[in-house]
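> The following comprises the amino acid sequence and a computationally predicted model.
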Number of protein chains: 2
Amino acid sequence: MAAEITLPPSPHLTARIPAGGKPGIALFAGCPDLIGTPFAYAREEEIYGEGEEAESVYKIVSGAVRTHKVLNDGRRQITGFHLPGDLFGLEQGEMHRHTAEALSGTQVLIFRRRVIERAATHSAEVACHLWAMAASGLRYAQDHMLLLGRRSAVERVATFLMAVDERLGSTGTFALPMTRRDIADHLGLTIETVSRTFSQLEEDGALLRTGGRQVSLRRARLRRVVED
Amino acid sequence: MAAEITLPPSPHLTARIPAGGKPGIALFAGCPDLIGTPFAYAREEEIYGEGEEAESVYKIVSGAVRTHKVLNDGRRQITGFHLPGDLFGLEQGEMHRHTAEALSGTQVLIFRRRVIERAATHSAEVACHLWAMAASGLRYAQDHMLLLGRRSAVERVATFLMAVDERLGSTGTFALPMTRRDIADHLGLTIETVSRTFSQLEEDGALLRTGGRQVSLRRARLRRVVED
DNA sequence: CGGTGATTTGAATACGTTCAAAACTCGTGG
DNA sequence: CCACGAGTTTTGAACGTATTCAAATCACCG
């Protein structure tokens, strides 16, 4: 399934690339020696699976990726969505602790984990970068724990929409890069509840749906829903 | 409230200290230059608050600590419990992103964050330690996301009991160091649901309660409840 | 334009919550 | 040593939010 051909980049996300300057092929801004190999995955293609040996680390050039964990009966928790510029698959340990799949056609740069790890043992700068990455993931995960443990369905969906808007450039109008199922599995809800909540938010004038995944947010109203 | 006197260490937790050898006063095993100052907190005392400047990092010598986040209406999510040998309060950034409080009388070693951060920029070893800490926190948080987003009340409580047992030495019999409210706020439940779930697990023969917080686990049965 | 998968909507159900009160623990003082 | 009292935990009953099961509608790709 993996294709080395260049896939057409997903239209709603590529706009972000220039925001951080050209992504280049280096892992970190100041580390020209950590070079990645370009690669591409098709929509819904698995990039790596939970339990596999963590050989590679990925940086998104275009497209979008989800990472998740599953229980043996199929219940799934999406631990994160990753957009252009984001790194994923960076584990500290030999194994991947979740599965990664492309949401849409996705171009990445692939780095060898061993090389990065070795660089970290020699360079405090690289190691600090790795620390920063892990710390930022930790902040996100802890915020999400609060959302999953203590927020209602409307609050979860409203929070999610505002977060996606911000990561997509804060235009207030965008196409969601993921399905209702993905949203549900990220927010700890069912697709039906997510759908009903979208409808409710639309009735309340907190958003507008114009066909499919396209949404326009009324940010002030959404903020009032979350209210913290 | 903060006291420099030596408090009697909490009896159910101190047994763990020898497991990792004497904790000493250094932050990491191989870094004798990062020295901590002993300090003690009383039961229920706040160690630091969300939003405060993160001046210090703490390593527990005896006792136990919880860290949490709150919404403005009081809903609380406990992001972690910390036992002897554990580090907490290590942020990457100027601010604490949660509140830390002592569960019982707790002795800690205090380190200056600035010193650690500066050491990290010079020493790849220190920086790698910090990465390892953050990565281990991230693994825990992501596992907990799955629990909060996708597991039932019984599964959450059973998972929690097994995890506490393991951290307390895998004896199968111990006193829970935290209240029902703390457990509830960690598992995204109410105290009533936690209590009812304990009762149900006892009926099912998965555990035995002998007064207050003392429990004896039937691990095989608990494992069957979680079943993954 | 047809078909397939995604999304929305509806009705019934279930799980966990809320509100209320009883029972139990444990520290304190008589 | 026992009794008291405050806080914690347990139990009960009614309720509500999100889930489940089912079906209709919509969007998009060929």
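Thanks, I have the structure now.

> tell me which element residue A:138 falls in.
Secondary structure from DSSP states H and E places residue A:138 in helix A:124-150.

> buried ones in that helix?
If you call a residue buried by 16 or more other C-beta atoms under 10 Å in any protein chain shown, then helix A:124-150 has these buried ones: A:124-135, A:137-150. (Each C-beta comes from the backbone N, C-alpha and C, glycine too.)

> Likewise for stretch A:150-168?
Buried residues in stretch A:150-168 (16+ other C-beta under 10 Å): A:150-151, A:153-162, A:164-165, A:167-168.

> which among those residues gets closest to residue B:198?
The shortest gap between residue B:198 and any of the buried residues of stretch A:150-168 belongs to residue A:150, at 21.1 Å (C-beta to C-beta).

> Spatially nearest residue to the closest one, not counting backbone neighbours?
Using C-beta to C-beta, 6 or more residues apart in numbering or on different chains and skipping the chain neighbours, the partner closest in space to residue A:150 is residue B:75 (4.3 Å).

> Next, the one you found: phi, psi?
Main-chain dihedrals, residue B:75, degrees, to the nearest 10: phi -60, psi 130.

> now residue A:38
Torsion angles at residue A:38 (phi, psi; degrees, to the nearest 10) stand at phi -70, psi 150.

> Specify the beta-bridge partners of it.
Per DSSP bridges, the residues bridged to residue A:38 are residue A:109.

> what's the spacing between it and residue B:166?
Taking C-beta to C-beta, to the nearest Å as the measure, residue A:38 falls 43 Å from residue B:166.

> What residue in chain A is the furthest from its centre?
residue A:122 (29.8 Å; C-alpha atoms, centre = their mean).

> Check the spacing between that residue and DNA strand C real quick.
Residue A:122 is 46 Å from DNA strand C, where distance means C-beta to the nearest atom of the strand, to the nearest Å.

> confidence score at that residue?
Looking at residue A:122, its pLDDT stands at 94.

> ok, the closest residue to it other than its chain neighbours - contacts?
The shortest distance from residue A:122 to any non-neighbouring residue, by C-beta to C-beta, 6+ apart, is to residue B:124 (6.0 Å). Residue B:124 makes contacts with A:120, A:121, A:122, A:123, A:124, A:126, A:127, as judged by C-beta atoms under 8 Å, 6 or more residues apart in numbering or on different chains.

> These: which two are farthest apart?
Distances among those were taken as C-beta to C-beta; the most separated pair is A:121 and A:124, at 9.9 Å.

> Looking at the buried residues of stretch A:150-168, which one is closest to DNA strand C?
residue A:150 (8.9 Å; C-beta to the nearest atom of the strand).

> Would you mind listing what in chain A touches DNA strand D?
Neighbours of DNA strand D within chain A, by C-beta under 7 Å from any atom of the strand: A:152, A:153, A:154, A:188, A:189, A:190, A:192, A:193, A:196, A:211, A:212, A:213.

> can you rerun that using 10 Å?
A:43, A:75, A:104, A:151-157, A:175, A:184, A:187-197, A:200, A:209-214 (C-beta under 10 Å from any atom of the strand).

> All the helices of chain A, residue numbers only.
A:113-122, A:124-150, A:153-167, A:180-187, A:191-203, A:219-226 (DSSP state H).

> Who are the packing partners of the third one?
Contact here means 3 or more C-beta pairs under 8 Å, 6 or more residues apart in numbering or on different chains; DSSP states H and E; on that basis helix A:153-167 packs against helix A:124-150, helix A:180-187, helix A:191-203, strand A:214-217, helix A:219-226.
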